[in-house]
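Sharing a model that was predicted from the sequence below.
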Amino acid sequence: MDSSTPIEQTPFVKQLAANDRPTRDKALESLKSYLSSPFGLFYSLWLCDRPIPQQNLCSSLASLISILPSKSLVPFLRAFWQTMAREWGNVDVLRMEKFLLLVRRYVGGCFLRMKSADWDLQTINDVLEVTKEILLNVKDPKIPVGLRFHVIDVWVDELERAGAFGDEETEEEGLDEKVLEVLMKPLRELGEGSPNKTVRRKAMEAWGDERLPWVEKVVVEEKETNPDEWGGIED
């Protein structure tokens, strides 16, 4: 994990990883002026050892996505995901869990940014293009399979967390099916085009998640085409 600049040794990064919240919050505020340093974000989590501070730091770092100006969003995400893909193989077993959480929070942060823009298609496409360029690149064999798998695993969960499927308690409606198809398109393309059979299967499993409206339609259609199927003894 060599770098021409030993950023992991700087007081700023150590403050981001601090166990006491006031120090960490102050450093996070300073970080908002230095949004071009994904490598520093990586090392701030690398140095953070206790579970609760790790969770808080992951959430705080992902919240940066929501305050980025539009012109900075894509370059920042590109640099962040490139850093994660490059350094993923250096993450040891003891540190892996916190980096899995960071990836989840960043995927979720991307969807929340889309939501804050009222699911504007331009914002959606900008973010997804970066994702398809790096994490879910169909042809690039250099992207770690474990990182791909985790992104696929959390994709639909984080869509749901962002309210893409609606909320029964608040009676908030879910997104139009066409918009959901756009949001799921990177996984469908990966499922259809990846040279890795396991990746293809994993991606298509996500595309077939029962929370997605086209999957519900298939289930209903199957029931309608088999009306005489025995369903057990009724009370």
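Looks like it arrived, so ask away.

The most centrally placed residue in the chain: what's its closest spatial neighbour, skipping adjacent residues?
The residue lying closest to the centre of the chain (Cα atoms, centre = their mean) is Val107, at 1.6 Å. The shortest distance from Val107 to any residue other than its chain neighbours is 4.9 Å, reached at Glu158 (Cβ to Cβ, 6 or more residues apart in numbering). Every C-beta, even on glycine, is put in place using the N, C-alpha and C of the backbone.

Isn't that neighbour up against Arg113?
No: using Cβ atoms under 8 Å, Glu158 makes no contact with Arg113, being 11.7 Å away.

What's the mean pLDDT across the longest helix along the chain?
The residue-count maximum for a helix in the chain (DSSP state H) belongs to helix 93-116. For helix 93-116, mean pLDDT rounds to 96.

Can you give me the buried ones in it?
95, 98-115 (16 or more other Cβ atoms under 10 Å).

do stretch 142-154 as well
So for stretch 142-154, counting by 16+ other Cβ under 10 Å, buried means Ile143, Pro144, Leu147, Arg148, His150, Val151, Ile152, Asp153, Val154.

who's in contact with the fifth one?
Right, His150. His150 sits next to Leu100, Val103, Arg104 when contact means Cβ atoms under 8 Å, 6 or more residues apart in numbering.

cutoff 6 Å now
Leu100, Val103 (Cβ atoms under 6 Å, 6 or more residues apart in numbering).

what do you get for the fourth one?
For Arg148, the set of contacting residues under the criterion of Cβ under 6 Å, 6+ apart consists of Val199.

That one is in what secondary structure piece?
Assigned by DSSP states H and E, Arg148 falls within helix 145-161.

C-terminal to that helix, what's the next element?
helix 177-193.

tell me the angle of the next helix or strand after that next one relative to helix 145-161?
Sequence order places helix 197-207 as the next helix or strand after helix 177-193, per DSSP H and E. Using axes from the mean of the first three to the mean of the last three Cα atoms, to 10 degrees, the direction of helix 197-207 lies 0 degrees away from that of helix 145-161.

Only C-alpha atoms, please: export helix 197-207 in PDB.
The C-alpha trace of helix 197-207 is given here as PDB (Å, rounded to 0.1, in the frame of the first residue of the first chain):
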ATOM      1  CA  LYS A 197     -20.100 -17.700 -14.600                       C
ATOM      2  CA  THR A 198     -20.300 -17.200 -10.800                       C
ATOM      3  CA  VAL A 199     -20.600 -13.400 -11.200                       C
ATOM      4  CA  ARG A 200     -23.300 -13.900 -13.900                       C
ATOM      5  CA  ARG A 201     -25.300 -16.100 -11.600                       C
ATOM      6  CA  LYS A 202     -24.900 -13.700  -8.700                       C
ATOM      7  CA  ALA A 203     -26.000 -10.700 -10.700                       C
ATOM      8  CA  MET A 204     -29.100 -12.500 -12.200                       C
ATOM      9  CA  GLU A 205     -30.100 -13.600  -8.700                       C
ATOM     10  CA  ALA A 206     -30.200  -9.900  -7.700                       C
ATOM     11  CA  TRP A 207     -32.200  -9.100 -10.900                       C
END
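
Many thanks, we can stop here.
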